[in-house]
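Colleague: With the sequence up front, the predicted model follows.
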Amino acid sequence: MARGTKDQIVVSIDIGTTKICVLVGRKRGDQIEVIGVGKSPSYGLHKGVVVDVAKTISSISQAIKEAETMTGLSIDSACIGVSGAHISSLHSSGVIPIKNGHIKSIDIAHVLDAAQAIPLPQGCQILHVLPQYFIINGQDIVQDPLGMHAVRLEVQTHIIMGAVSSVQTLLYCCQSAGVTVTDIVLEQLASALAVLSPDELDLGVAVLDIGGGTSDFAVYKHSTVRHTKVIPVAGNHVTNDIALGLRIMKEEAEAIKKQYGVASLQIMNNEKLIEVEMMQGNDLQVICISDLVHIVECRMKELFTLVVDDINISNVRGFMSNGLVLTGGGSLLQGIQDLAEPLFNCPIRIGTPRVMFDLLETLQSPLYATGYGLLMYVMNNEKQIRMNMRTEPLTRRVFESMRMWLTDFF
């Protein structure tokens, strides 16, 4: 939040493996307009997890300073996203008796508490308890049981867990950079808010956010999360493959990936030769674009195959009636839809943030789906966030709000 304008300004920080992005938004009615952005390279994370605290603090501070310079505002609080290889999920159910006949809000809270009464792996913490559907008296399936008459209430939930140490380290880095964390949101859920339409969420769709360190996957049906998965293959793996395969430096590999990278050999129009700097010395070597594309295609096929395997193992293909939406920086690869469609055997589109007002031109990109989705989350949960900040300690508040936020939103 920015001092002096706390009623109008909201801030999000997307803390990724390759970049830190700060977005500053201004509320306009029940919508939000982005008025500022700050970016910096991310040097202290690996696969979404902080591995160098000092470098992470420096990267966050740099992005915040850039956003403050652009907007002329002072940022002291923000909502952040969380991802990484430490994230895991499972399904759980809960059941309670209804004593007074009609289901009240407190009954829904109690049945969700019952669903999360499960043994947890050591060092893990429940981050989200996401209700998928409720069952009344063991028979009727409903999405919202509030006010209904019942003697027994059941719930089927999707529970997301994360390593306590990883989340607390992330909180510490933000606090050390001068920012109070108001809430933490699982990144693929934030990306879904930004790029999926209400009809897609209701009828069934999947979203794959291809970042730098991880690719975050989620499946929706009836506006509820049916499945989530963090895949430890993403854009940095493609860059590393290029560097190793062509024997060039990582910076050079990243540059030619962005300039010449294509996800499928089938859509190449013609062969081309380019000069790149070799790993050692200042000598140049000539490479064929087809060699570069072959490397990119192999790694992206691996990623998509892992996601397809997860879809089949989790038996969630039936929920994907509207296909798959690709977003994140990795979705910018030319030809990625052509590569993905035959592998997934469903419609594929590239997801960009859905905005009601003119977004800054540079932000009209899948790169900023998570950051904009975090702003949308803050707008939808503002009252709950403010109440939590007044009444609960930071760590407990963050975990409790993460557990309940999707229930409040939908």
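Modeller: Arrived safely, thanks for sending. Residues are numbered from 1 along each chain as shown.
Colleague: For this structure, give me the ranges with low pLDDT.
Modeller: Counting by pLDDT under 70, the chain contains low-confidence residues at 1-7, 280-282, 356-362, 382-410.
Colleague: Contacts only, for the residue nearest the centre of it.
Modeller: Among the residues of the chain, the one closest to the centroid is residue 187, at 2.1 Å (C-alpha atoms, centre = their mean). Under the criterion of C-beta atoms under 8 Å, 6 or more residues apart in numbering, the contact list for residue 187 reads 14, 81-83, 209, 211, 216, 370. Glycine gets a C-beta too; all of them are placed from N, C-alpha and C.
Colleague: Dump those into JSON lines; add neighbour count as well.
Modeller: Formatted as JSON lines, the entries for these read as follows, by neighbours: other C-beta atoms under 10 Å:
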{"residue": "14", "neighbour count": "28"}
{"residue": "81", "neighbour count": "28"}
{"residue": "82", "neighbour count": "23"}
{"residue": "83", "neighbour count": "30"}
{"residue": "209", "neighbour count": "33"}
{"residue": "211", "neighbour count": "28"}
{"residue": "216", "neighbour count": "29"}
{"residue": "370", "neighbour count": "34"}
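Colleague: for those, which one is nearest residue 296?
Modeller: Nearest to residue 296, judged by C-beta to C-beta, of those is residue 211 at 16.2 Å.
Colleague: Contacts only, for that closest one.
Modeller: By C-beta under 8 Å, 6+ apart, the neighbours of residue 211 are 16-18, 48, 83, 187, 234-235, 328-330.
Colleague: repeat that with 6 Å
Modeller: Under the criterion of C-beta atoms under 6 Å, 6 or more residues apart in numbering, the contact list for residue 211 reads 16, 234, 328.
Colleague: Same check on residue 351?
Modeller: Under the criterion of C-beta under 6 Å, 6+ apart, the contact partners of residue 351 comprise 195, 325, 327.
Colleague: if we go to 10 Å?
Modeller: Residue 351 makes contact with 191-192, 194-197, 200, 205, 207-209, 324-328, 331, 366, 369, according to C-beta atoms under 10 Å, 6 or more residues apart in numbering.
Colleague: Contacts only, for the residue nearest to it when sequence neighbours are not counted.
Modeller: Spatial nearest neighbour of residue 351, chain neighbours left out: residue 195 (3.1 Å); criterion: C-beta to C-beta, 6 or more residues apart in numbering. Residue 195 sits next to 205, 207, 209, 325-328, 331, 349-354, 366, 369-370, 372-373 when contact means C-beta under 10 Å, 6+ apart.
Colleague: With residue 149 instead?
Modeller: Applying C-beta under 10 Å, 6+ apart, we find residue 149 in contact with 98, 100-103, 136-137.
Colleague: before we move on, what SS does residue 318 have?
Modeller: Secondary structure of residue 318, reduced to three states by DSSP: H, G, I helix; E, B strand; the rest coil: helix.
Colleague: Check the one 4 residues further on too.
Modeller: Secondary structure assignment for residue 322 (three-state DSSP): coil.
Colleague: isn't it right next to residue 201, touching?
Modeller: Yes: applying C-beta atoms under 10 Å as the test, residue 322 and residue 201 come out as touching, 9.1 Å apart.
Colleague: can you list residues touching both of the two?
Modeller: Common neighbours of residue 322 and residue 201 (C-beta under 10 Å, 6+ apart) are 220-221.
Colleague: hmm, what's the outermost residue in the protein?
Modeller: Note on the chain: the largest C-alpha distance from the chain mean falls to residue 283, namely 40.6 Å (C-alpha atoms, centre = their mean).
Colleague: Measure how far the longest helix along the chain is from the centre of its chain, please.
Modeller: In terms of residue count, the longest helix belonging to the chain (DSSP state H) is helix 289-314. Relative to the chain's own centre, helix 289-314 is displaced by 20 Å; criterion: C-alpha atoms, centre = their mean, to the nearest Å.
Colleague: again, but for stretch 89-109
Modeller: The chain centre lies 28 Å from the centre of stretch 89-109; the measure is C-alpha atoms, centre = their mean.
Colleague: how about it as CSV, C-alpha atoms only?
Modeller: Below are the C-alpha coordinates for stretch 89-109, written out as CSV (Å, rounded to 0.1, in the frame of the first residue of the first chain):
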residue,chain,number,x,y,z
SER,A,89,-1.6,-30.6,-2.9
LEU,A,90,-4.2,-33.3,-2.1
HIS,A,91,-7.9,-33.9,-1.8
SER,A,92,-9.7,-34.1,1.5
SER,A,93,-13.3,-34.3,2.8
GLY,A,94,-15.0,-33.2,6.0
VAL,A,95,-18.5,-33.8,7.5
ILE,A,96,-20.4,-32.3,10.4
PRO,A,97,-24.0,-32.5,11.8
ILE,A,98,-26.3,-29.5,11.5
LYS,A,99,-28.1,-29.0,14.8
ASN,A,100,-30.3,-26.0,14.0
GLY,A,101,-31.7,-27.1,10.6
HIS,A,102,-30.4,-24.3,8.4
ILE,A,103,-26.8,-24.1,7.3
LYS,A,104,-25.0,-20.9,8.6
SER,A,105,-21.6,-19.4,7.8
ILE,A,106,-20.2,-20.9,11.0
ASP,A,107,-21.3,-24.4,9.8
ILE,A,108,-19.4,-23.9,6.5
ALA,A,109,-16.3,-22.8,8.5
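Colleague: Which elements pack onto the longest helix of the chain?
Modeller: Counting contacts by 3 or more C-beta pairs under 10 Å, 6 or more residues apart in numbering; DSSP states H and E, helix 289-314 is packed against strand 205-210, strand 215-221, strand 224-231, helix 235-246, helix 250-260, strand 273-277, strand 324-327, helix 336-344.
Colleague: what comes into contact with the last one?
Modeller: Under the contact criterion C-beta under 10 Å, 6+ apart, helix 336-344 has outside partners 206, 208, 210, 261-267, 296-297, 300-301, 303-305, 307-308, 311, 317, 320, 323-324, 326, 330-331, 333, 346-350.
Colleague: repeat that for 7 Å
Modeller: Residues from elsewhere that reach helix 336-344, judged by C-beta atoms under 7 Å, 6 or more residues apart in numbering: 263-264, 266-267, 297, 300-301, 304-305, 308, 324, 326, 348, 350.
Colleague: Pick the one among those residues closest to residue 31.
Modeller: Of all these, the one with the least separation from residue 31 (C-beta to C-beta) is residue 350, at 22.9 Å.
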